[in-house]
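Trainee: Dropping the sequence and predicted coords here.
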Amino acid sequence: MAKQTLQAPKGMHDILPADQLYWQFILKKAKTILEDYGFERIDTPIVESTSLFVRSVGESTDIVEKEMYSFKTKGGDELTLRPEGTASIARAYIEHGMHTWPHPVQLWYFGPFFRHENTQSGRFRQFYQVGVETLGDDNAATDAQLVFIAYKILESLGLKNLVVKVNSIGDSFCRPQYIKALKDYYRIRGKKLCAKCKIRLKTNILRVLDCSEESCKEVTKDAPHTVDHLDDECKAHFKNFLEFMDELKLPYLLDPRLVRGLDYYTRTVFEIWPEEKADNEQQSNLQLALCSGGRYDKLINSLGGPKTAAAGWGFGMERTIMILKEAGITPPTARVQPRIFIAQLGELAKRKSLPMFEEFRKAGIFTRSSLGRDSIKSQLRIANRLGIKYTLIVGQKEANDGSVILREMDSGVQETIPLGKIIDVMKQKLK
Ligand code: HAM
(Lines give C-alpha, C1' and ligand atoms only; values in the text may rest on other atoms or scores of the structure.)
Protein backbone atom coordinates (compact mmCIF):
# COMPACT_ATOMS: atom_id res chain seq x y z
CA MET A 1 0.00 0.00 0.00
CA ALA A 2 1.35 3.46 -0.90
CA LYS A 3 2.49 5.43 2.11
CA GLN A 4 0.07 8.27 2.79
CA THR A 5 1.48 11.60 3.92
CA LEU A 6 -0.46 12.79 6.91
CA GLN A 7 -1.61 16.38 6.74
CA ALA A 8 -4.03 18.61 8.59
CA PRO A 9 -7.42 18.67 6.83
CA LYS A 10 -7.66 21.20 3.97
CA GLY A 11 -8.31 24.72 5.24
CA MET A 12 -7.37 23.81 8.83
CA HIS A 13 -4.08 24.69 10.47
CA ASP A 14 -1.75 23.97 13.33
CA ILE A 15 -0.88 27.02 15.39
CA LEU A 16 2.85 26.61 15.91
CA PRO A 17 4.74 28.01 18.93
CA ALA A 18 6.12 30.99 16.97
CA ASP A 19 2.58 32.06 16.06
CA GLN A 20 1.22 31.60 19.57
CA LEU A 21 2.73 34.98 20.43
CA TYR A 22 0.35 36.66 17.97
CA TRP A 23 -2.63 34.77 19.39
CA GLN A 24 -1.78 35.70 22.98
CA PHE A 25 -1.13 39.31 21.98
CA ILE A 26 -4.52 39.73 20.27
CA LEU A 27 -6.47 37.86 22.94
CA LYS A 28 -4.90 39.85 25.75
CA LYS A 29 -5.71 43.19 24.11
CA ALA A 30 -9.25 42.10 23.22
CA LYS A 31 -9.96 40.71 26.70
CA THR A 32 -8.72 43.88 28.43
CA ILE A 33 -10.75 46.25 26.29
CA LEU A 34 -13.89 44.08 26.36
CA GLU A 35 -13.77 43.66 30.12
CA ASP A 36 -13.20 47.42 30.53
CA TYR A 37 -16.48 47.89 28.64
CA GLY A 38 -18.31 45.41 30.87
CA PHE A 39 -18.39 42.32 28.65
CA GLU A 40 -18.31 38.92 30.35
CA ARG A 41 -16.85 35.79 28.80
CA ILE A 42 -19.11 32.98 27.66
CA ASP A 43 -18.20 29.66 26.08
CA THR A 44 -20.75 27.57 24.24
CA PRO A 45 -20.37 24.05 22.81
CA ILE A 46 -18.56 23.62 19.51
CA VAL A 47 -21.53 21.64 18.19
CA GLU A 48 -25.16 22.65 18.28
CA SER A 49 -28.29 21.17 16.79
CA THR A 50 -28.34 21.72 13.04
CA SER A 51 -31.79 23.29 13.17
CA LEU A 52 -30.43 26.17 15.32
CA PHE A 53 -28.23 27.37 12.45
CA VAL A 54 -30.85 26.68 9.77
CA ARG A 55 -33.38 28.76 11.70
CA SER A 56 -31.04 31.64 12.55
CA VAL A 57 -28.43 31.97 9.81
CA GLY A 58 -31.08 31.20 7.18
CA GLU A 59 -31.89 28.31 4.89
CA SER A 60 -30.82 29.95 1.64
CA THR A 61 -27.52 31.40 2.85
CA ASP A 62 -24.17 30.06 1.61
CA ILE A 63 -23.36 28.89 5.14
CA VAL A 64 -26.44 26.70 5.54
CA GLU A 65 -26.72 25.63 1.91
CA LYS A 66 -23.19 24.35 1.46
CA GLU A 67 -20.71 25.19 4.21
CA MET A 68 -21.88 23.40 7.33
CA TYR A 69 -20.16 20.36 8.79
CA SER A 70 -23.29 18.48 9.79
CA PHE A 71 -23.59 14.91 11.03
CA LYS A 72 -25.94 12.49 12.72
CA THR A 73 -24.80 11.12 16.09
CA LYS A 74 -25.10 7.47 17.09
CA GLY A 75 -28.11 8.53 19.15
CA GLY A 76 -29.74 10.01 16.05
CA ASP A 77 -29.22 13.72 16.86
CA GLU A 78 -28.60 16.04 13.90
CA LEU A 79 -25.65 18.22 14.95
CA THR A 80 -23.41 20.79 13.24
CA LEU A 81 -19.95 22.12 14.01
CA ARG A 82 -20.77 25.75 14.74
CA PRO A 83 -20.20 27.97 11.67
CA GLU A 84 -20.66 31.17 13.72
CA GLY A 85 -21.37 32.29 17.28
CA THR A 86 -24.46 34.50 17.34
CA ALA A 87 -26.98 31.66 17.00
CA SER A 88 -25.39 29.82 19.94
CA ILE A 89 -25.52 32.95 22.12
CA ALA A 90 -29.19 33.47 21.23
CA ARG A 91 -29.85 29.84 22.18
CA ALA A 92 -27.95 30.26 25.47
CA TYR A 93 -29.83 33.51 26.24
CA ILE A 94 -33.15 31.68 25.96
CA GLU A 95 -31.99 28.46 27.67
CA HIS A 96 -30.57 30.22 30.74
CA GLY A 97 -33.38 32.74 31.11
CA MET A 98 -30.96 35.63 30.63
CA HIS A 99 -33.93 37.97 30.10
CA THR A 100 -34.04 38.11 33.93
CA TRP A 101 -30.42 39.27 34.15
CA PRO A 102 -29.59 43.01 34.33
CA HIS A 103 -29.82 44.38 30.78
CA PRO A 104 -28.14 44.69 28.47
CA VAL A 105 -26.44 41.33 28.78
CA GLN A 106 -22.96 41.85 27.36
CA LEU A 107 -21.09 38.70 26.40
CA TRP A 108 -17.83 37.96 24.60
CA TYR A 109 -16.41 34.72 23.28
CA PHE A 110 -13.40 33.26 21.58
CA GLY A 111 -13.05 29.94 19.85
CA PRO A 112 -12.99 27.92 16.64
CA PHE A 113 -15.69 27.99 13.97
CA PHE A 114 -16.12 25.72 10.96
CA ARG A 115 -17.23 26.43 7.41
CA HIS A 116 -16.64 24.23 4.39
CA GLU A 117 -15.58 27.18 2.22
CA ASN A 118 -13.46 27.26 -0.90
CA THR A 119 -10.08 27.89 0.62
CA GLN A 120 -8.30 31.03 -0.55
CA SER A 121 -6.36 33.84 1.07
CA GLY A 122 -8.08 34.60 4.38
CA ARG A 123 -10.75 31.90 4.05
CA PHE A 124 -10.27 28.84 6.20
CA ARG A 125 -12.43 25.87 7.09
CA GLN A 126 -11.51 26.08 10.74
CA PHE A 127 -10.97 29.65 11.88
CA TYR A 128 -11.13 31.47 15.19
CA GLN A 129 -13.22 34.46 16.10
CA VAL A 130 -13.35 36.87 18.97
CA GLY A 131 -16.99 37.89 19.14
CA VAL A 132 -19.30 40.04 21.25
CA GLU A 133 -23.06 40.22 21.65
CA THR A 134 -25.06 42.91 23.47
CA LEU A 135 -28.51 41.52 24.21
CA GLY A 136 -31.55 43.47 25.30
CA ASP A 137 -30.77 46.94 23.92
CA ASP A 138 -32.16 48.49 20.76
CA ASN A 139 -30.54 51.91 20.98
CA ALA A 140 -28.40 53.08 18.06
CA ALA A 141 -25.79 54.28 20.58
CA THR A 142 -25.08 50.61 21.32
CA ASP A 143 -24.39 49.93 17.62
CA ALA A 144 -21.94 52.83 17.48
CA GLN A 145 -20.25 51.77 20.70
CA LEU A 146 -19.88 48.21 19.41
CA VAL A 147 -18.18 49.43 16.24
CA PHE A 148 -16.00 51.72 18.32
CA ILE A 149 -14.87 48.86 20.60
CA ALA A 150 -13.98 46.62 17.64
CA TYR A 151 -12.06 49.51 16.07
CA LYS A 152 -10.21 50.20 19.34
CA ILE A 153 -9.19 46.55 19.72
CA LEU A 154 -7.79 46.38 16.18
CA GLU A 155 -6.14 49.78 16.60
CA SER A 156 -4.57 48.71 19.92
CA LEU A 157 -2.72 45.99 17.99
CA GLY A 158 -0.99 48.68 15.95
CA LEU A 159 -3.25 48.55 12.85
CA LYS A 160 -3.79 51.90 11.20
CA ASN A 161 -6.23 53.47 8.74
CA LEU A 162 -8.81 50.73 9.11
CA VAL A 163 -11.89 51.25 6.95
CA VAL A 164 -15.30 51.06 8.62
CA LYS A 165 -18.17 50.32 6.21
CA VAL A 166 -21.74 50.79 7.41
CA ASN A 167 -25.25 50.35 6.08
CA SER A 168 -28.79 49.74 7.28
CA ILE A 169 -30.80 46.92 5.75
CA GLY A 170 -34.07 47.84 7.49
CA ASP A 171 -36.35 45.32 9.13
CA SER A 172 -39.21 42.99 8.33
CA PHE A 173 -41.56 45.99 7.91
CA CYS A 174 -39.64 47.89 5.27
CA ARG A 175 -37.46 45.21 3.69
CA PRO A 176 -40.28 43.67 1.58
CA GLN A 177 -40.66 47.01 -0.27
CA TYR A 178 -36.93 47.12 -0.86
CA ILE A 179 -36.88 43.51 -2.12
CA LYS A 180 -39.67 44.42 -4.52
CA ALA A 181 -37.65 47.38 -5.81
CA LEU A 182 -34.63 45.09 -6.27
CA LYS A 183 -36.69 42.52 -8.14
CA ASP A 184 -37.98 45.24 -10.45
CA TYR A 185 -34.42 46.45 -11.03
CA TYR A 186 -33.08 43.01 -11.93
CA ARG A 187 -36.11 41.96 -14.00
CA ILE A 188 -34.45 42.91 -17.30
CA ARG A 189 -30.84 43.09 -16.13
CA GLY A 190 -30.83 39.65 -14.42
CA LYS A 191 -29.66 37.91 -17.61
CA LYS A 192 -26.21 39.51 -17.24
CA LEU A 193 -25.62 38.17 -13.73
CA CYS A 194 -23.36 35.20 -12.92
CA ALA A 195 -24.93 31.75 -12.62
CA LYS A 196 -24.94 31.87 -8.82
CA CYS A 197 -26.65 35.25 -8.73
CA LYS A 198 -29.31 34.07 -11.17
CA ILE A 199 -30.26 31.55 -8.48
CA ARG A 200 -29.89 34.15 -5.71
CA LEU A 201 -32.46 36.31 -7.53
CA LYS A 202 -34.99 33.70 -6.45
CA THR A 203 -33.57 32.52 -3.13
CA ASN A 204 -31.73 35.44 -1.50
CA ILE A 205 -31.77 38.49 -3.72
CA LEU A 206 -29.89 40.72 -1.23
CA ARG A 207 -26.74 38.65 -1.77
CA VAL A 208 -26.64 39.67 -5.45
CA LEU A 209 -25.60 43.10 -4.19
CA ASP A 210 -22.31 41.97 -2.66
CA CYS A 211 -21.28 39.44 -5.34
CA SER A 212 -17.63 40.01 -6.24
CA GLU A 213 -17.96 38.88 -9.91
CA GLU A 214 -17.11 41.80 -12.21
CA SER A 215 -20.19 41.19 -14.41
CA CYS A 216 -22.46 41.34 -11.35
CA LYS A 217 -20.75 44.45 -9.97
CA GLU A 218 -21.39 46.17 -13.30
CA VAL A 219 -25.08 45.21 -13.40
CA THR A 220 -25.54 46.12 -9.74
CA LYS A 221 -23.88 49.52 -9.77
CA ASP A 222 -27.16 51.42 -10.19
CA ALA A 223 -29.30 49.10 -8.06
CA PRO A 224 -31.60 50.76 -5.53
CA HIS A 225 -30.05 51.42 -2.11
CA THR A 226 -31.44 49.91 1.07
CA VAL A 227 -31.22 53.26 2.88
CA ASP A 228 -33.64 54.83 0.38
CA HIS A 229 -36.29 52.27 1.29
CA LEU A 230 -36.18 52.39 5.09
CA ASP A 231 -39.37 53.17 6.98
CA ASP A 232 -39.39 56.13 9.36
CA GLU A 233 -38.27 54.16 12.41
CA CYS A 234 -35.40 52.40 10.68
CA LYS A 235 -34.37 55.69 9.06
CA ALA A 236 -34.30 57.45 12.44
CA HIS A 237 -32.33 54.57 13.95
CA PHE A 238 -29.73 54.74 11.19
CA LYS A 239 -29.48 58.53 11.40
CA ASN A 240 -28.90 58.26 15.16
CA PHE A 241 -26.29 55.60 14.62
CA LEU A 242 -24.35 57.82 12.20
CA GLU A 243 -24.59 60.77 14.59
CA PHE A 244 -23.18 58.62 17.42
CA MET A 245 -20.39 57.49 15.10
CA ASP A 246 -19.59 61.15 14.42
CA GLU A 247 -19.62 61.84 18.15
CA LEU A 248 -17.06 59.08 18.66
CA LYS A 249 -15.01 60.57 15.78
CA LEU A 250 -15.08 57.25 13.97
CA PRO A 251 -14.60 57.73 10.23
CA TYR A 252 -16.85 55.47 8.14
CA LEU A 253 -17.92 54.79 4.57
CA LEU A 254 -21.57 54.41 3.75
CA ASP A 255 -21.67 51.25 1.65
CA PRO A 256 -25.08 50.68 0.06
CA ARG A 257 -23.98 47.24 -1.12
CA LEU A 258 -23.17 45.97 2.36
CA VAL A 259 -25.89 43.41 3.16
CA ARG A 260 -24.00 40.59 4.97
CA GLY A 261 -24.40 36.89 4.37
CA LEU A 262 -26.54 35.91 7.35
CA ASP A 263 -30.33 36.25 7.41
CA TYR A 264 -30.78 37.35 11.01
CA TYR A 265 -29.61 40.94 10.54
CA THR A 266 -31.95 43.90 10.87
CA ARG A 267 -31.10 47.60 10.57
CA THR A 268 -27.40 48.35 11.21
CA VAL A 269 -24.75 46.23 9.51
CA PHE A 270 -21.04 47.02 9.43
CA GLU A 271 -17.62 45.67 8.52
CA ILE A 272 -14.08 46.77 9.34
CA TRP A 273 -11.57 46.27 6.55
CA PRO A 274 -7.79 46.53 6.37
CA GLU A 275 -6.26 49.82 5.24
CA GLU A 276 -6.97 50.69 1.62
CA LYS A 277 -3.70 51.66 -0.07
CA ALA A 278 -3.24 54.25 -2.79
CA ASP A 279 -3.24 52.91 -6.38
CA ASN A 280 0.56 52.92 -6.66
CA GLU A 281 1.06 51.02 -3.37
CA GLN A 282 1.08 47.27 -2.85
CA GLN A 283 -2.45 46.25 -1.84
CA SER A 284 -2.98 43.84 1.03
CA ASN A 285 -3.29 40.14 0.17
CA LEU A 286 -6.43 40.17 2.23
CA GLN A 287 -9.35 41.60 0.30
CA LEU A 288 -11.84 40.60 2.98
CA ALA A 289 -13.34 42.06 6.15
CA LEU A 290 -11.45 41.69 9.43
CA CYS A 291 -14.51 42.24 11.57
CA SER A 292 -18.21 42.04 10.72
CA GLY A 293 -21.43 42.44 12.59
CA GLY A 294 -24.73 44.16 13.04
CA ARG A 295 -28.06 44.25 14.75
CA TYR A 296 -30.41 41.27 14.96
CA ASP A 297 -33.52 42.44 16.79
CA LYS A 298 -35.78 39.56 15.72
CA LEU A 299 -33.54 36.52 16.17
CA ILE A 300 -34.14 35.64 19.82
CA ASN A 301 -37.90 35.99 19.46
CA SER A 302 -37.91 33.92 16.27
CA LEU A 303 -36.13 31.12 18.17
CA GLY A 304 -38.86 31.08 20.80
CA GLY A 305 -37.41 33.58 23.30
CA PRO A 306 -38.86 36.90 24.44
CA LYS A 307 -38.65 39.94 22.14
CA THR A 308 -35.03 40.98 22.61
CA ALA A 309 -33.17 43.52 20.51
CA ALA A 310 -29.49 42.63 20.11
CA ALA A 311 -26.33 43.45 18.21
CA GLY A 312 -22.76 42.20 17.98
CA TRP A 313 -19.72 41.44 15.87
CA GLY A 314 -16.98 38.92 15.32
CA PHE A 315 -13.43 39.39 14.10
CA GLY A 316 -11.28 36.68 12.59
CA MET A 317 -8.02 35.85 14.36
CA GLU A 318 -6.27 34.43 11.28
CA ARG A 319 -7.14 37.41 9.11
CA THR A 320 -6.01 39.80 11.83
CA ILE A 321 -2.68 37.96 12.16
CA MET A 322 -2.21 38.06 8.36
CA ILE A 323 -2.65 41.83 8.41
CA LEU A 324 -0.37 42.28 11.45
CA LYS A 325 2.37 40.34 9.63
CA GLU A 326 1.85 42.33 6.43
CA ALA A 327 2.19 45.54 8.43
CA GLY A 328 5.40 44.23 10.03
CA ILE A 329 3.91 44.35 13.53
CA THR A 330 5.49 41.78 15.85
CA PRO A 331 3.98 41.08 19.25
CA PRO A 332 6.10 41.55 22.34
CA THR A 333 7.73 38.32 23.55
CA ALA A 334 5.32 36.93 26.09
CA ARG A 335 7.65 34.89 28.23
CA VAL A 336 11.23 35.14 29.42
CA GLN A 337 13.46 32.87 27.36
CA PRO A 338 15.20 29.95 29.13
CA ARG A 339 18.40 31.26 30.69
CA ILE A 340 20.16 28.03 31.66
CA PHE A 341 20.65 24.68 29.93
CA ILE A 342 21.10 21.71 32.26
CA ALA A 343 23.21 18.94 30.70
CA GLN A 344 23.81 15.59 32.32
CA LEU A 345 25.94 12.52 31.71
CA GLY A 346 24.64 9.19 32.94
CA GLU A 347 21.84 7.94 35.18
CA LEU A 348 23.20 9.16 38.53
CA ALA A 349 23.76 12.63 37.08
CA LYS A 350 20.23 12.65 35.73
CA ARG A 351 18.87 11.76 39.17
CA LYS A 352 20.94 14.48 40.86
CA SER A 353 20.05 17.14 38.32
CA LEU A 354 16.26 16.55 38.25
CA PRO A 355 15.46 18.44 41.51
CA MET A 356 17.51 21.39 40.18
CA PHE A 357 14.86 22.23 37.55
CA GLU A 358 12.24 22.88 40.21
CA GLU A 359 14.71 24.86 42.35
CA PHE A 360 15.44 27.15 39.39
CA ARG A 361 11.77 27.45 38.49
CA LYS A 362 10.97 28.53 42.06
CA ALA A 363 13.76 31.10 41.81
CA GLY A 364 12.11 32.47 38.63
CA ILE A 365 14.85 31.21 36.30
CA PHE A 366 13.65 29.19 33.29
CA THR A 367 15.67 26.18 32.16
CA ARG A 368 15.88 23.80 29.21
CA SER A 369 17.45 20.38 28.89
CA SER A 370 17.52 17.31 26.74
CA LEU A 371 17.16 14.43 29.15
CA GLY A 372 17.03 11.84 26.38
CA ARG A 373 20.56 12.65 25.18
CA ASP A 374 23.70 11.41 26.88
CA SER A 375 26.37 12.91 24.62
CA ILE A 376 27.64 16.15 26.12
CA LYS A 377 28.56 17.42 22.66
CA SER A 378 25.02 17.15 21.32
CA GLN A 379 23.58 18.73 24.48
CA LEU A 380 25.92 21.72 24.14
CA ARG A 381 24.92 22.01 20.49
CA ILE A 382 21.25 22.27 21.50
CA ALA A 383 22.08 24.89 24.15
CA ASN A 384 23.87 26.90 21.44
CA ARG A 385 20.96 26.61 19.01
CA LEU A 386 18.61 27.88 21.70
CA GLY A 387 20.93 30.85 22.27
CA ILE A 388 21.33 30.02 25.97
CA LYS A 389 24.30 31.68 27.65
CA TYR A 390 25.03 29.27 30.52
CA THR A 391 25.08 25.48 30.65
CA LEU A 392 25.30 23.50 33.87
CA ILE A 393 26.95 20.12 33.37
CA VAL A 394 26.47 17.26 35.83
CA GLY A 395 28.70 14.27 35.01
CA GLN A 396 29.46 11.08 36.96
CA LYS A 397 32.20 12.79 38.99
CA GLU A 398 30.06 15.86 39.83
CA ALA A 399 27.12 13.63 40.78
CA ASN A 400 29.36 11.83 43.28
CA ASP A 401 31.00 15.04 44.60
CA GLY A 402 27.75 17.01 44.85
CA SER A 403 29.01 19.69 42.43
CA VAL A 404 28.10 21.19 39.03
CA ILE A 405 30.24 22.52 36.18
CA LEU A 406 29.16 25.97 35.05
CA ARG A 407 30.09 26.63 31.41
CA GLU A 408 29.82 30.03 29.81
CA MET A 409 28.80 29.15 26.28
CA ASP A 410 30.41 32.06 24.37
CA SER A 411 33.88 31.79 25.90
CA GLY A 412 33.83 28.08 26.80
CA VAL A 413 35.22 29.00 30.26
CA GLN A 414 34.18 26.47 32.93
CA GLU A 415 34.24 26.45 36.73
CA THR A 416 33.08 23.93 39.33
CA ILE A 417 30.47 25.07 41.85
CA PRO A 418 29.09 23.15 44.88
CA LEU A 419 25.53 21.98 44.14
CA GLY A 420 24.18 23.72 47.27
CA LYS A 421 25.39 27.12 46.02
CA ILE A 422 24.39 26.89 42.37
CA ILE A 423 21.06 28.73 42.65
CA ASP A 424 22.67 31.74 44.40
CA VAL A 425 25.60 31.80 41.97
CA MET A 426 23.28 31.75 38.95
CA LYS A 427 20.98 34.39 40.44
CA GLN A 428 24.05 36.59 40.78
CA LYS A 429 25.25 35.92 37.22
CA LEU A 430 21.85 36.50 35.63
CA LYS A 431 21.10 39.71 37.52
P1 HAM B 1 -19.11 36.65 9.66
O2 HAM B 1 -18.96 37.84 8.77
O3 HAM B 1 -19.59 35.42 9.02
O4 HAM B 1 -20.07 37.07 10.85
O5 HAM B 1 -17.73 36.36 10.37
C6 HAM B 1 -17.13 37.34 11.19
C7 HAM B 1 -15.64 37.39 10.93
O8 HAM B 1 -15.08 36.08 11.04
C9 HAM B 1 -15.25 37.82 9.51
O10 HAM B 1 -15.22 39.21 9.40
C11 HAM B 1 -13.88 37.21 9.37
O12 HAM B 1 -12.88 38.00 9.97
C13 HAM B 1 -14.02 35.91 10.14
N14 HAM B 1 -14.32 34.80 9.20
C15 HAM B 1 -15.50 34.43 8.71
N16 HAM B 1 -15.37 33.37 7.90
C17 HAM B 1 -14.07 33.06 7.87
C18 HAM B 1 -13.28 32.06 7.21
N19 HAM B 1 -13.83 31.13 6.44
N20 HAM B 1 -11.94 32.05 7.42
C21 HAM B 1 -11.37 32.98 8.22
N22 HAM B 1 -12.05 33.94 8.87
C23 HAM B 1 -13.38 33.99 8.70
C24 HAM B 1 -20.40 36.22 11.88
O25 HAM B 1 -19.90 35.15 12.08
C26 HAM B 1 -21.40 36.83 12.83
N27 HAM B 1 -21.72 35.84 13.86
C28 HAM B 1 -20.83 38.09 13.47
C29 HAM B 1 -21.80 38.71 14.41
C30 HAM B 1 -21.79 38.63 15.76
N31 HAM B 1 -22.85 39.42 14.08
C32 HAM B 1 -23.51 39.79 15.16
N33 HAM B 1 -22.87 39.29 16.18
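Mentor: Now that the structure is in, tell me what you want to look at.

Trainee: three-state assignment of the closest residue to the ligand within the stretch 151-300 of the chain?
Mentor: The minimum distance from the stretch 151-300 of the chain to the ligand, using Cβ to the nearest ligand atom, falls at Ser292 (3.4 Å). The C-beta positions use only the backbone N, C-alpha and C, and glycine is treated the same way. Here Ser292 is recorded as strand under DSSP: H, G, I helix; E, B strand; the rest coil.

Trainee: That one - how many residues pack around it?
Mentor: Around Ser292 there are 24 other residues, counting by other Cβ atoms under 10 Å.

Trainee: show me what contacts the residue nearest to it when sequence neighbours are not counted?
Mentor: Nearest residue to Ser292, sequence neighbours excluded (Cβ to Cβ, 6 or more residues apart in numbering): Glu271, at 4.7 Å. Glu271 makes contact with 164-165, 255, 258, 260, 289, 291-293, according to Cβ atoms under 8 Å, 6 or more residues apart in numbering.

Trainee: do stretch 30-43 and the ligand meet?
Mentor: No. Judged by Cβ under 6 Å from any ligand atom, stretch 30-43 stays clear of the ligand, getting no closer than 12.5 Å.

Trainee: For that stretch, what is the distance to the chain centroid?
Mentor: 14 Å (Cα atoms, centre = their mean, to the nearest Å).

Trainee: and Leu16, how many residues sit next to it?
Mentor: 7.

Trainee: same check, this time on the one 10 residues further on
Mentor: For Ile26, the neighbour count with other Cβ under 10 Å is 23.

Trainee: Kindly report the same for Glu233.
Mentor: By other Cβ under 10 Å, the residues close to Glu233 number 13.

Trainee: host element of Phe127?
Mentor: strand 126-135 (DSSP states H and E).

Trainee: who does that strand pair up with?
Mentor: Looking at strand 126-135 with DSSP bridges, its partner strands are strand 105-114 (antiparallel), strand 310-316 (antiparallel).

Trainee: Distance to the ligand added to these, as CSV?
Mentor: Formatted as CSV, the strands paired with strand 126-135 follow (distance: least, Cβ to the nearest ligand atom, whole Å):
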stretch, distance to the ligand
strand 105-114, 7
strand 310-316, 3
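
Trainee: The strand holding Phe127: how far from the chain's middle?
Mentor: 7 Å.

Trainee: quick one: the helices in the stretch 151-300 of the chain?
Mentor: Secondary structure of the stretch 151-300 of the chain by DSSP state H, counting those that start in this stretch: the helices cover 175-189, 195-203, 214-220, 232-247, 299-302.

Trainee: Let me know which of the ones you listed is the nearest to Ile340.
Mentor: helix 232-247 (53.7 Å; Cβ to Cβ).

Trainee: buried set for that closest one?
Mentor: Within helix 232-247, the residues scored as buried using 16 or more other Cβ atoms under 10 Å are 234-235, 237-238, 240-242, 244-245.

Trainee: same deal with stretch 55-69?
Mentor: In stretch 55-69, counting by 16+ other Cβ under 10 Å, buried: 55-58, 61-64, 67-68.

Trainee: try stretch 356-366
Mentor: Applying 16+ other Cβ under 10 Å to stretch 356-366 flags 356-357, 360, 365 as buried.

Trainee: Off-centre distance for that stretch?
Mentor: 35 Å.

Trainee: Name the residues that touch that stretch?
Mentor: 335-340, 342, 367, 369, 392, 404, 419, 422-423, 426-427, 430.

Trainee: winner for burial among the strands paired with strand 126-135?
Mentor: strand 310-316 (a mean of 24; mean count of other Cβ atoms under 10 Å).

Trainee: Pipe the buried residues of stretch 55-69 into a markdown table and attach distance to the ligand per row.
Mentor: Compiled in a markdown table, the buried residues of stretch 55-69 are given as follows (distance: Cβ to the nearest ligand atom, whole Å):
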| residue | distance to the ligand |
| --- | --- |
| Arg55 | 14 |
| Ser56 | 9 |
| Val57 | 8 |
| Gly58 | 12 |
| Thr61 | 10 |
| Asp62 | 10 |
| Ile63 | 7 |
| Val64 | 12 |
| Glu67 | 8 |
| Met68 | 12 |
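
Trainee: Residues of the stretch 51-200 of the chain that sit close to the ligand?
Mentor: Close to the ligand, as judged by Cβ under 6 Å from any ligand atom, the stretch 51-200 of the chain has residues 84-86, 115, 117, 122-124, 127, 129, 131, 133.

Trainee: for those residues, which one is nearest Ile188?
Mentor: Glu117 (32.6 Å).

Trainee: Check whether that closest one really touches Ile63, as I assumed.
Mentor: No. Contact criterion Cβ atoms under 8 Å: Glu117 and Ile63 do not qualify, at 9.0 Å.

Trainee: Helices along the stretch 1-150 of the chain, start to end?
Mentor: 17-36, 50-57, 62, 86-95, 140-156.

Trainee: now the angle between strand 105-114 and the fourth one, please.
Mentor: Between the axis of helix 86-95 and that of strand 105-114 there is an angle of 140 degrees, by axes from the mean of the first three to the mean of the last three Cα atoms, to 10 degrees.

Trainee: and what of the second one?
Mentor: Our comparison of helix 50-57 with strand 105-114, counting by the same axes, to 10 degrees, yields an angle of 120 degrees.

Trainee: And the first one, by the same measure?
Mentor: Angle, helix 17-36 to strand 105-114, by the same axes, to 10 degrees: 160 degrees.

Trainee: list the helices and strands helix 17-36 packs on?
Mentor: strand 105-114, strand 126-135, helix 140-156, helix 317-326 (3 or more Cβ pairs under 8 Å, 6 or more residues apart in numbering; DSSP states H and E).

Trainee: thinking again about what came up before, mind giving me CSV with the helices of the stretch 151-300 of the chain and columns for distance to Arg381 and mean pLDDT?
Mentor: Below are the helices of the stretch 151-300 of the chain laid out as CSV (distance: least, Cβ to Cβ, whole Å; pLDDT from 0 to 100):
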stretch, distance to Arg381, mean pLDDT
helix 175-189, 68, 93
helix 195-203, 57, 91
helix 214-220, 56, 92
helix 232-247, 58, 98
helix 299-302, 59, 97
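
Trainee: Serialize these to CSV and add fields for distance to Ser411.
Mentor: As requested, the helices of the stretch 151-300 of the chain are exported to CSV (distance: least, Cβ to Cβ, whole Å):
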stretch, distance to Ser411
helix 175-189, 75
helix 195-203, 68
helix 214-220, 65
helix 232-247, 61
helix 299-302, 67
